[in-house]
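1. Fold the stuff below for me.
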Amino acid sequence: MNKFHIFIVIVLLFVFVVFGYYIYSYNQDFQQDLAEYQSNIQSAKNKQASIDKQFEQTQQQKEKSLEQQESSQKLKDEDGDGLTYEQEVRLGTNDNERDTDGDGIDDNEDNHPAGGGQTYTITVYWTHGGLPHSTQFGIAEDKYLHYKSQPRSSCCDDWAKFVTPDDPTIQTIAQDVADVSIIRGDTNKAQIAINFVESMIYEKDIEYISELEWPKYPIETIIDQRGDCEDTSFLMASILEALDYDTIILIYSDHAAVGVWCDSCSGTYYNYNGKKYFFLETTGYADNWEIGKIWGKYETELPIII
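-> As a prediction, the model looks like this:
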């Protein structure tokens, strides 16, 4: 091998060594860049995962808070009628109004709380001083059914509840009595009220509902236009109370009547809380009874006072 060939071999070896070193260096740099790139990718993934997790937790907290708010909203009872907001929505009633349909019955006790049901048109014909009168009014079916559904008890612990002077129908009757008083020039509104109540037909509880004792609310008595002595006594006391008279209920062994506080009356009375309450019969015929006029064995019998 001559010198030229040796030179060529040396040059080729040098080139090979230089090229190999370059390849090696390039590979090292590539691996380093690749590792850095992969590290950056992983870091970005980790950061994104952290952001996603934080976002998910935030969303879950928002959803939980919203669910709690919705749950709290559903359970709210703004008007205090015993119905939750959810129940009011289902019934179509207003959670800010105890009596949505304005019939005098709270939504939770109303058969048709959002409205509906029939209205009874009642006309009561009665006489005063021998002259005919009539009183007409409408009573919502829900009002009647509300009273009719109330529990009853035997005499007489809670019987005061049957006197309802604030009922709109009772107020209407009281106003009609007051109007008759003005028209007739008769200041004895109590006597006019007596004539109205005594237009009701007397009917024993056993005949009405097959019960020995079944006290009725005034609205029931008016719609039925009949009742026994305690029923008409409750009606009478309600009307008189609506006319600003002070009354009590008198319960005898087999009868009921009303006591009316009166300073100028005469006849039979009972002392109660320092006042004189005069006997008032509520059954019979118009113009047949007056305040203080008692009859039969009840003159000597001491009544229970409600």
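2. Find the nearest non-adjacent residue to residue 281, please.
-> Using C-beta to C-beta, 6 or more residues apart in numbering and skipping the chain neighbours, the partner closest in space to residue 281 is residue 289 (4.3 Å). Glycine gets a C-beta too; all of them are placed from N, C-alpha and C.
3. try residue 262
-> Spatial nearest neighbour of residue 262, excluding adjacent residues (C-beta to C-beta, 6+ apart): residue 278 at 5.2 Å.
4. Wait, a helix at the one you found?
-> No: assessed with DSSP: H, G, I helix; E, B strand; the rest coil, residue 278 is strand; it does not lie in a helix.
5. who are the neighbours in contact with the residue nearest to residue 281?
-> If you count contacts by C-beta atoms under 8 Å, 6 or more residues apart in numbering, residue 289 has them with 194, 198, 280, 281, 282.
6. any idea which of the residues you listed is closest to residue 153?
-> residue 282 (20.9 Å; C-beta to C-beta).
7. Tell me which residues touch that closest one, please.
-> By C-beta under 8 Å, 6+ apart, the neighbours of residue 282 are 194, 197, 198, 229, 232, 233, 235, 236, 256, 257, 258, 289.
8. Please report the distance of it from residue 57.
-> 74 Å (C-beta to C-beta, to the nearest Å).
9. Neighbours of residue 59, how many?
-> By other C-beta atoms under 10 Å, the residues close to residue 59 number 10.
10. Show the pLDDT at it.
-> Per-residue confidence at residue 59 stands at 79 (pLDDT).
11. now swap in residue 119 and tell me
-> 87.
12. okay, now the residue nearest to it when sequence neighbours are not counted: neighbour count?
-> Spatial nearest neighbour of residue 119, excluding adjacent residues (C-beta to C-beta, 6+ apart): residue 138 at 4.6 Å. Neighbours of residue 138 under the rule other C-beta under 10 Å: 13.
13. in its sheet, what does the helix or strand encompassing residue 138 sit against?
-> Using DSSP states H and E, residue 138 sits in strand 131-140. Applying DSSP bridges, strand 131-140 is found paired with strand 119-128 (antiparallel).
14. Not counting its own residues, what contacts the strand it pairs with?
-> 132-141, 144, 180, 184, 186, 191-192, 195-196, 198-199, 222-223, 225, 286-287.
15. Apply 6 Å and report the result again.
-> By C-beta atoms under 6 Å, 6 or more residues apart in numbering, the surrounding residues in contact with strand 119-128 are 133-140, 192, 195-196, 199, 223, 286.
16. in what helix or strand does residue 258 lie?
-> Counting by DSSP H and E, the element that carries residue 258 is strand 256-261.
17. which helices and strands does that strand pack with?
-> helix 229-242, strand 247-251, strand 275-280 (3 or more C-beta pairs under 6 Å, 6 or more residues apart in numbering; DSSP states H and E).
18. These into JSON lines, with extra columns for mean pLDDT and mean neighbour count?
-> Output for the helices and strands packed on strand 256-261, formatted as JSON lines (pLDDT from 0 to 100; neighbours: other C-beta atoms under 10 Å):
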{"stretch": "helix 229-242", "mean pLDDT": "95", "mean neighbour count": "26"}
{"stretch": "strand 247-251", "mean pLDDT": "97", "mean neighbour count": "22"}
{"stretch": "strand 275-280", "mean pLDDT": "95", "mean neighbour count": "22"}
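19. Now render these as TSV, adding distance to residue 156.
-> Compiled in TSV, the helices and strands packed on strand 256-261 are given as follows (distance: least, C-beta to C-beta, whole Å):
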stretch	distance to residue 156
helix 229-242	9
strand 247-251	5
strand 275-280	16
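20. closest one to residue 78 among those?
-> Ranking these by distance to residue 78, with C-beta to C-beta as the measure, places helix 229-242 first at 31.2 Å.
21. Run the chain-centre distance for that closest one.
-> Here helix 229-242 is found 26 Å from its chain centre; the criterion is C-alpha atoms, centre = their mean, to the nearest Å.
22. what sits up against it?
-> Taking C-beta under 6 Å, 6+ apart as the rule, helix 229-242 contacts 162-165, 170-171, 173-174, 193, 197, 200, 215-216, 218, 221, 247, 249, 255-258, 282-283.
23. what does stretch 197-206 give?
-> 124, 126, 211, 213-214, 225-228, 232, 235-236, 282-284, 286.
24. May I see the PyMOL selection of the buried members of those?
-> Buried residues within the contacts of stretch 197-206, by 16 or more other C-beta atoms under 10 Å, are selected in PyMOL with:
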select buried, resi 124+126+214+226+227+228+232+235+236+282+283+286
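25. ok, so of the contacts of stretch 197-206, who is nearest residue 46?
-> residue 214 (80.7 Å).
26. Dump the host helix or strand of residue 193 to CSV, restricted to CA.
-> If you go by DSSP H and E, residue 193 is part of helix 189-197. Output of helix 189-197 as CSV, limited to C-alpha atoms (Å, rounded to 0.1, in the frame of the first residue of the first chain):
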residue,chain,number,x,y,z
LYS,A,189,-131.4,44.8,66.6
ALA,A,190,-131.3,41.8,68.9
GLN,A,191,-135.0,41.2,68.5
ILE,A,192,-134.7,41.5,64.7
ALA,A,193,-131.9,38.9,64.8
ILE,A,194,-134.2,36.6,66.9
ASN,A,195,-136.7,36.7,64.1
PHE,A,196,-134.1,35.8,61.5
VAL,A,197,-132.8,32.8,63.4
